[in-house]
Structures are given as C-alpha cells and as structure tokens.
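> Mind looking at a prediction? Sequence and model below.
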Amino acid sequence: MSPHPHLRLALLLALALPAAPAMAVAQPAQPTEQAKAAARALAGQGWEHFQAGRYEEALAAFRDAEALVHAPSLLYQAARSCERLGRLIEARSFYQRIVDEPLAASAPRAYQQAQADAKVELAALAPRIPSLEVTVTGASTSAVALTLDGQRIDPALPVERDPGNYTLVAVVPGHTPVTRTIQLKEGAREQVTLDLTPPPAAAPVTDRPAAPSGTDTRRAVLVGGGITAGAAVLAGIAFTLVANSKAGDAERQGNEVDSIGHGPGSCSSPAEPSLVRQCDELSARVDDQYLFSNLALWGFVSGGAAALGTLGYYWLAPPPSESRKQMRVLPLVTLGGGGIVAGGSF
C-alpha cells in the first residue's frame, strides 16, 4: 500500500484521467472529456467514502469511475476497498489485473506507481487468504458430493475462500447428508475430515420372548425380596456402627466442654468465645449421632418389611404348577337299577 494515499489520490485525479491515451493497450474508443469529468467526480466521491470507512460505497464509486475511464490507479483503490470489506479474493483479482497490464514507458507516473504498489500488495495478500481442505473417509470420493455454501468442491483439494463462516455438506446417495459449520479465519489453513461410514444395519426384529411363568415370577420375587431385605439390614448395621462412633465423639466433646466450663450446664449460656466454639462442635456431633441412629432404625425397619412382604407373597400366592382339582358326578342308569359315578382329580 502506498505510504502517501493523499498524494496518490491527487495524482489519480490530476494526472491519470486526462492522460488515458498514454496506455500501452489502446482502448476501443478514447473517453470523452465529459466521461473524464464524470470519472474524476466519481473517484473523488470514492475517496471520501473510503476515508469515512464506507467501503461498499467507495468500491462502487471506484468501479463506476473505472468503467468510464480505464486507469490502474482506480483499480488499485477498488482493491483497497475490497480488502477493508474482507473480500480478499476479489482484492487479489484487482491487484492481479494491475500487475498483468502492460504499461508503456510514457504511461503516467500514477499508473506506474499503482502497478508497483499492486505487486507489493499482491505478495502480502496471498498468505492472508484462508483455505479449506476436506478429506472423506468411509465412502468413495467419486460417490460423494461436497458443497461449501452451495458451491461444489472437490475432496482433498484445497479451496480458497474469504474469511467467514461456511456450511459444508457431504451427500452420499442413499444416506443422510452430513453437515458441518466451518469458520475460516484470515490466514488459516483448515483441514476437515468427514467420516461417511454408513451406519450398521438395524438388527432384525425377533419374536418377543415368552412371558415369564409363575415359577419364574415367584423365584424373582423371592430373590429380589431377599436381596432388598439383606441390603437394608446391612445398611442398618453400618449406620448403627457410625452412630455409635458419633456417640463416642459427642461424649468426648461433652467432657471437653465440661472441663472448659463449669460443669454439665456450661452450654446453656456460654460466654467465652472458646466455649462457644466447643458448644457448637458438641451440638453438631450430637446431631450427627441422632441422624445416623435414625438411619439405622429405618434400615432395620425397611429390611424387616421387605422380608415380611416376601414371605407373605410366598405363602399366600398359590403354586402355579399345581393343577386345579376337579370332580365330576354323572348319573348311571342300567336295566337292573341305577346310581351315580364320581370322577376327577383329587
């Protein structure tokens, strides 16, 4: 970028536009004085927009001016506007046009300076343009359709884009598309790997297992009830041990309070700070003792209830394998008399 933008603009307006015929590549028709005046006015507006940070308006003004009168210095200002907008690829194309344009030795100094500056800017811009390389696994690259913001790209080939957020979509026929949001920062060289391995086929639906028999249900109730009762009793034992330990701690803390104070009633209205702390500690330990004592009690109660419920079910539920007893009574009539016949399972 030129270190003297004001001087460059002055050269642009004062020298470049009137001297358009000095270009080595002749235009189809030389611009009229009216076109030159309009281009100068647009270039001035573009510079004002650029200085004010209105880069979209500046770019539009420089493009319109260049459409009236071709000048490398106008393309240079358009490229600078694109850079400010983050449109680095478009800026590079403007710089490249300036560098590739042959100039006659008698071309205006503003044109020659614009070309020299464009070469510097072009070299500095190249590493700032981010790129993205996508690698596909789990599917043939020939069967994958990759798009970046709707534009088709090739797998494993880096693509350049302006900085920003992009939507990457991979489509394999017969499968759900895979979508990723990619953020490309200035100068970044992003590499993304997409695993397109098809999901495993769904397992075939098998027949539902037969409902558990009555024997299985009784066995499950007995086992589950026994485990529950045993666990509750073990918990009650554990909480009892902890409660006893907490009771010992509370007793020792009570002795400590009595030694500091003036007997068993020392915590009724403690005055000394050390005694207050000891009384608070005693209260906390007594609370812990009561807590674990209650937990132990409920553990034993729960275990007993689970055991009684299990035994009650076992005793009251009829064995499912026991066949139902039936008896049938039929009349019997013969020539010599009559009677009844009883039969069935007993």
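Thanks, I have it.
> can you give me the strands in the stretch 1-150 of the chain?
Ranges of strands within the stretch 1-150 of the chain are 131-137, 145-148, based on DSSP state E, counting those that start in this stretch.
> Please produce a markdown table containing those strands, extended by mean pLDDT and mean neighbour count.
C-beta here means a position set from N, CA and C on the backbone, and glycine is covered the same way. Shown next, in a markdown table, are the strands of the stretch 1-150 of the chain (pLDDT from 0 to 100; neighbours: other Cβ atoms under 10 Å):
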| stretch | mean pLDDT | mean neighbour count |
| --- | --- | --- |
| strand 131-137 | 92 | 17 |
| strand 145-148 | 92 | 17 |
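> Turn these into a markdown table, columns for distance to residue 197.
Listed next are these as a markdown table, based on distance: least, Cβ to Cβ, whole Å:
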| stretch | distance to residue 197 |
| --- | --- |
| strand 131-137 | 7 |
| strand 145-148 | 16 |
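> just so I know, which of those strands lies nearest residue 305?
strand 131-137 (58.4 Å; Cβ to Cβ).
> which outside residues touch that closest one?
With contacts defined as Cβ atoms under 8 Å, 6 or more residues apart in numbering, strand 131-137 is touched by 144, 146, 148, 153, 155-161, 166, 168, 170, 182, 184, 188-197.
> strands paired with it, and their directions?
strand 159-160 (antiparallel), strand 189-195 (parallel) (DSSP bridges).
> and residue 232, that's in a strand?
No - Residue 232 is assigned helix when assessed by DSSP: H, G, I helix; E, B strand; the rest coil, not a strand.
> wait, what's in contact with it?
Per Cβ under 8 Å, 6+ apart, neighbours of residue 232: 299-300, 302-303, 306.
> And residue 247, by the same measure?
Residue 247 touches residue 289, counting by Cβ under 8 Å, 6+ apart.
> What is the subsequent helix or strand relative to whichever strand or helix holds it?
Using DSSP states H and E, residue 247 falls within helix 214-260. Once the chain leaves helix 214-260, the next helix or strand it forms, by DSSP H and E, is helix 273-316.
> Mind checking the strands of the stretch 1-150 of the chain for the one nearest to residue 286?
Using Cβ to Cβ, those put strand 131-137 closest to residue 286, at 65.6 Å.
> Can you dump the C-alpha atoms of the closest one in PDB for me?
C-alpha atoms of strand 131-137 as PDB (Å, rounded to 0.1, in the frame of the first residue of the first chain):
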ATOM      1  CA  SER A 131      -8.100 -22.200   2.600                       C
ATOM      2  CA  LEU A 132     -10.000 -25.400   3.300                       C
ATOM      3  CA  GLU A 133      -9.100 -29.000   2.500                       C
ATOM      4  CA  VAL A 134     -11.700 -31.700   3.100                       C
ATOM      5  CA  THR A 135     -10.800 -35.400   3.400                       C
ATOM      6  CA  VAL A 136     -13.500 -38.000   3.100                       C
ATOM      7  CA  THR A 137     -13.400 -41.500   4.800                       C
END
